[in-house]
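Q: Next one to model:
(chains A, B and C)
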Amino acid sequence: MDNLNSYLILSAVLFSIGTIGVLTRKNAIVVFMCIELMLNAVNLTFVAFSRHLGNLDGQIFVFFIMTVAAAEAAVGLAMFIAFFNNRESIDIDDANIMKW
Amino acid sequence: MDISSVFFALVAIVAVVSALLVVTCKNPINSALALVLTFFCLATFYAMLNAPFMAAIQIIVYAGAIMVLVIFTIMLLNIRVDENKKHSHQLALGSVIGIIVLMMTGLVLTRGKVSQPVGDITNELINSQGHTELIGKVMFTDFLLPFEVTSILLLVAIVGAVILAKRKLS
Amino acid sequence: MFDNVWLIPLFPLIGFLINGLLGKKIKNETIIGTIGSVAVFASFITAVMIFMNLIGLPANERSVNVKIFSWISAGNFNADIAFLIDPLSCLMMLVVTGISTVIHIYSIGYMHGEEGFYRFFAYLNLFVFSMLLLVSGNNLLLMFVGWEGVGLCSYLLIGYYFHKKSASDAGKKAFVMNRVGDFGFLLGTFTLFWWLGQTHDVWTIQFTELAKNADLFPTGGIVTIITLCFFLGATGKSAQIPLYTWLPDAMEGPTPVSALIHAATMVTAGVYMIGRMSFLFIRSPETMLTVAVVGACTALFAATIGTAQNDIKRVLAYSTVSQLGYMFLAMGVGAFTAGIFHLMTHAFFKACLFLGSGAVIHSMHHALHHVHSHDDAQDMRNMGGLKKFMPLTYLTFLTATIAIAGIPGFSGFFSKDEILWQAFANPLHGSMNTVLWAFGACAALLTAFYMFRLVFMTFHGTCRIKAGAEKHLHESPMVIVVPLLILAFFAAVGGYFGVPKLIGDLFGGIPNYLEHFLSPVFANAEAYMHAHTHHAHHSHALEWGLMGTSVVIAVVGISVAYMLYMVNPDIPKKFTSAFPVLHRAVYNKWYVDEIYDFVFVNPCKALGRLLWKGFDVLVVDGIVNGVATVVMAFGGVIRYFQTGQIYNYAWTMAFGVVVIVGYYLFK
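A: I've put the predicted structure just below:
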């Protein structure tokens, strides 16, 4: 496939945007969504390569990543709720008691 | 420039713009909706890559399940939009790292060499047998054990989520 | 039938498990006591059945190896859980289970109301289990398991009143001294196994196999080393010089324990072990001489101490040490049957004496408690005239005392006289014989003296108990008296199993049952002895003469005790004031404990303290604490990287990714 490169570039761009979001946003849920964005960027790479190589293993991998993402969403959001219940905030700057 | 390239470019622009919106929107709800849009774009790409099963579960799992859960949580918590502290002070530094990552991936792309197709999955095979059937065959033969282990992972996640959301720390 | 031999140790083990695990819940003393006694009685019945089967076999087939399962198998080394049924082990099983049964029943009455009643019976059953393993195991390792097991139970039961410091100290002393002996036992086992395997390619520790290969062993040399190692083990377990000092202290335990473990069974384990390995011991004249000399010295030495003790149980303890000395003397002169015979009769009369003293102490304690007196219930100076309060106890006690003193017709006479005669007549040690005999005879004199001193001070004369307490003195309950009667009966007639040929012929050829029964066990040793020594012929007149001498000796000892403590009680006081140094030395047990403290215990303590303060605190703790300090110092610096801010971690991670990917890109 001659357009493999376009997919990879697009995936790289999305991944970088996700990275910037994770590093700069303070709202924990937004950070979480940015992580999902990064995961999806990787997924796109997997599918693109899988199709290019004519092998389904990459797509199986995407399937597992989605499962992990689902588990992560369930646990992560539960943590945010627990965190919010205790701190009345969802700001990651407020999760700062784990220090010296 | 053929029609499919034009279509790809259009969808790619939508995906990038909506991804940027995810990062920049002040209101988390807007971010979430932008992310849903990104996911739809990705589903479109999967369909263009002749992987209809992946496109379907992308929409069902990500847009349908995960994002609904996220939006539920945002609304449940009813977070105030904190205008003055929306972005942390490391915006510049974060962006620099983001750009470095982008440059590096670009470098990888320009330097790397992609091998020729190794597998026997062709468009013709997918069209004749169906993508879901092919995936299913691989999933329940070569990847049976990881598949079963995944179910345990989900079970653990369910239990963890219930315990975490229920408990009120003193 | 022999296949069921494993039941014999199993019953006490079950009793131990039930009482040990559930005893605290059961609480009811009758049930606990019944479980313990029935368990031991069941093994006694089984032992009797085994015995019946054994005597049904022809004499030369009376050695059966019953293998239950293979226990350890590693290379050339094999150890089975296997039992050896032969006359010796069978006799030991009968004695152990029989006397244990009686003592268990006695304990139900004696330990009534004691705290931890279930604990006592659990330990006692565990002891019986270990002892049966010791006497019936067919290899050295299984014997050693029993050997250690009885040591453990001894420790636990001596320290039964563990809240009393003297009791827990005595327990520790017994354990540590036994360790010294056990060390010898193990070394002997290792050397035996290694030597036999190396030189003759016979890799075994099984008694039956060793006996079969007895001719492979040379005379002296390596056999002396092996047997001396084993004998060291025997001195520890059987309280011989130099490792005897733990036994008198072991009287801190409850009296039934003293009777069962420290008189009748456990302390005879060393004698049994030498008997079991007689084919090996006989091949080393040096070891045999050592055994005989140590036995004779112990017999005399302990007897001298026994004459000046005032604690009723301590007198009996020294008497036990002394009588064990006799057994070793017998073993040492090659009179194995006589040694085992004395082991058996001693088990009867000494158990009876201890239980009788227990009844006395019990009664004294009770009476003194009534008048709120803190006098020592075990001190004979507080007793006297107890005869009329406790007639049955007195009767049984007197019977056993007559037996131990060696009055003809009672069991002690037959066995002790046999030992003295063999010491004199056996050609094994040449000119040493007369010396050994003289030691034994002197010890016999002292035995008769101190035992009757004990009887006179306790049961005769005026009652010296605190005024008002005497009306609370009374005979013990039936559960205590009946065991005494049983044991007294056997103390009186137990000797007729082994009537010497000389006397037997006089009364129309009464055979020496015991000698016939045991002869296959010692056949190998006897044959070797006959082949390697000049068999000396002694006239019957000499034997009668010596027998008469020992009777005279016993009568003299009794008369002296009568003179000193009944007719003229002032003489002992005058004697002590005339020879104060001698009396103090004897009273303080020749200061042996103090010498041991000075020579061994204190240097060990000093070395321990040095290692503790010098090596452990400075070096070992220094290294450990040093590591901890270094880690803490590093941590103190590094912890400032833990800001608690999530974005710091996220950044670090992103930065790390950049570095790693960069490395692979630009390398």
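
Q: how far away is C:Leu88 from A:Phe63?
A: 78 Å (CB to CB, to the nearest Å). C-beta: built from backbone N, CA, C; applies to glycine.

Q: sorry, that was for C:Ser357
A: Separation of C:Ser357 from A:Phe63 (CB to CB) stands at 87 Å.

Q: Return the helix or strand in chain C with minimum mean pLDDT.
A: The weakest-scoring helix or strand in chain C, judged by mean pLDDT, DSSP states H and E, is helix C:501-506 (a mean of 78).

Q: For that one, which outside residues touch it?
A: C:510-512, C:540, C:543-544, C:547 (CB atoms under 8 Å, 6 or more residues apart in numbering or on different chains).

Q: Just the CA trace of the helix or strand following that helix, in CSV.
A: Under the assignment DSSP states H and E, the closest C-terminal helix or strand after helix C:501-506 is helix C:513-532. C-alpha atoms of helix C:513-532 as CSV (Å, rounded to 0.1, in the frame of the first residue of the first chain):
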residue,chain,number,x,y,z
TYR,C,513,14.1,-67.9,82.0
LEU,C,514,15.6,-64.5,81.2
GLU,C,515,19.0,-65.8,80.3
HIS,C,516,17.5,-68.4,77.9
PHE,C,517,15.1,-65.8,76.5
LEU,C,518,17.8,-63.2,75.9
SER,C,519,20.6,-65.6,74.8
PRO,C,520,20.0,-65.3,71.0
VAL,C,521,20.4,-61.5,71.2
PHE,C,522,23.8,-61.7,72.8
ALA,C,523,24.9,-64.9,71.2
ASN,C,524,27.3,-63.2,68.9
ALA,C,525,29.0,-61.2,71.7
GLU,C,526,29.1,-64.3,73.9
ALA,C,527,30.7,-66.4,71.2
TYR,C,528,33.3,-63.7,70.6
MET,C,529,34.0,-63.5,74.3
HIS,C,530,34.5,-67.2,74.6
ALA,C,531,36.8,-67.3,71.7
HIS,C,532,39.0,-64.5,72.9
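
Q: The helix or strand following helix C:513-532 - what's its average pLDDT?
A: Once the chain leaves helix C:513-532, the next helix or strand it forms, by DSSP H and E, is helix C:540-562. Averaged across helix C:540-562, the pLDDT comes to 89.

Q: Check stretch C:183-203 too.
A: 91.

Q: Name the residues of chain C found near chain B, please.
A: C:647, C:651, C:654-655, C:657-658, C:661-662, C:665 (CB under 8 Å from any CB of the partner chain).

Q: Please repeat the previous calculation with a cut-off of 10 Å.
A: Taking CB under 10 Å from any CB of the partner chain as the measure of proximity, chain C contacts chain B at C:645, C:647-648, C:650-651, C:654-655, C:657-658, C:661-662, C:664-666.

Q: quick one: which of those has the most company?
A: C:Tyr647 (22 neighbours; other CB atoms under 10 Å in any protein chain shown).

Q: in chain A, which spans are helices?
A: Applying DSSP state H to chain A gives helices spanning A:4-24, A:28-53, A:57-87.

Q: and of these, who's closest to chain C?
A: Within these, the stretch nearest chain C is helix A:4-24; the backing value is 5.7 Å (CB to the nearest CB).

Q: Identify each buried residue in that closest one, please.
A: A:4, A:6-8, A:10-24 (16 or more other CB atoms under 10 Å in any protein chain shown).

Q: ok, that helix near chain B or not?
A: Yes. Helix A:4-24 lies within reach of chain B by CB under 10 Å from any CB, at A:4-24.

Q: Specify the angle between that helix and helix A:28-53 in degrees.
A: If you take axes from the mean of the first three to the mean of the last three CA atoms, to 10 degrees, helix A:4-24 sits at 160 degrees to helix A:28-53.

Q: so what does helix A:4-24 touch, helix or strand wise?
A: Packing partners of helix A:4-24 (3 or more CB pairs under 10 Å, 6 or more residues apart in numbering or on different chains; DSSP states H and E): helix A:28-53, helix B:3-24, helix B:28-48, helix B:91-111, helix C:646-666.

Q: Arrange the ones you listed in CSV, one row each, with mean pLDDT as further columns.
A: As requested, those are exported to CSV (pLDDT from 0 to 100):
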stretch, mean pLDDT
helix A:28-53, 92
helix B:3-24, 91
helix B:28-48, 93
helix B:91-111, 81
helix C:646-666, 84
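
Q: returning to what we had before: as a markdown table, the helices of chain A with distance to B:Val149 would be great.
A: Output for the helices of chain A, formatted as a markdown table (distance: least, CB to CB, whole Å):
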| stretch | distance to B:Val149 |
| --- | --- |
| helix A:4-24 | 27 |
| helix A:28-53 | 19 |
| helix A:57-87 | 9 |
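
Q: Might you list the low-confidence residue ranges for chain A?
A: A:1-2, A:100 (pLDDT under 70).

Q: Name the residue of it that lies nearest to chain C.
A: Relative to chain C, the nearest point of chain A is A:Lys99 (2.9 Å; CB to the nearest CB).

Q: can you tell me the average pLDDT over the strand or helix carrying C:Gly622?
A: Using DSSP H and E, C:Gly622 falls within helix C:621-638. Regarding helix C:621-638, the rounded mean pLDDT is 92.

Q: Only the C-alpha atoms, please, for that helix, written as PDB.
A: This file holds the C-alpha atoms of helix C:621-638, laid out as PDB (Å, rounded to 0.1, in the frame of the first residue of the first chain):
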ATOM      1  CA  ASP C 621      25.100  -5.700  63.900                       C
ATOM      2  CA  GLY C 622      27.600  -3.200  62.600                       C
ATOM      3  CA  ILE C 623      27.400  -4.500  59.000                       C
ATOM      4  CA  VAL C 624      23.600  -4.700  59.200                       C
ATOM      5  CA  ASN C 625      23.200  -1.200  60.700                       C
ATOM      6  CA  GLY C 626      25.800   0.100  58.300                       C
ATOM      7  CA  VAL C 627      23.900  -1.100  55.300                       C
ATOM      8  CA  ALA C 628      20.700   0.400  56.700                       C
ATOM      9  CA  THR C 629      22.500   3.700  57.400                       C
ATOM     10  CA  VAL C 630      23.900   3.900  53.900                       C
ATOM     11  CA  VAL C 631      20.500   3.200  52.300                       C
ATOM     12  CA  MET C 632      18.900   5.800  54.500                       C
ATOM     13  CA  ALA C 633      21.400   8.400  53.500                       C
ATOM     14  CA  PHE C 634      20.800   7.700  49.900                       C
ATOM     15  CA  GLY C 635      17.100   7.700  50.400                       C
ATOM     16  CA  GLY C 636      17.300  11.000  52.200                       C
ATOM     17  CA  VAL C 637      18.800  12.600  49.100                       C
ATOM     18  CA  ILE C 638      16.800  10.800  46.600                       C
END
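
Q: does it come close to chain A?
A: Yes. Residues of helix C:621-638 contacting chain A under CB under 10 Å from any CB: C:635-636, C:638.

Q: Could you dump these into JSON lines with neighbour count added?
A: Below are these laid out as JSON lines (neighbours: other CB atoms under 10 Å in any protein chain shown):
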{"residue": "C:Gly635", "neighbour count": "10"}
{"residue": "C:Gly636", "neighbour count": "10"}
{"residue": "C:Ile638", "neighbour count": "10"}
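
Q: before we move on, the earlier item: ok, which of the helices of chain A comes nearest B:Cys25?
A: Nearest to B:Cys25 among those is helix A:28-53; the distance by CB to CB comes to 8.1 Å.

Q: May I have the secondary structure class of the one residue in chain C that gets nearest to chain A?
A: Distances between chain C and chain A by CB to the nearest CB are smallest at C:Gly644, namely 2.9 Å. Assigned with DSSP: H, G, I helix; E, B strand; the rest coil, C:Gly644 falls in the coil class.

Q: And for C:Phe69?
A: strand.
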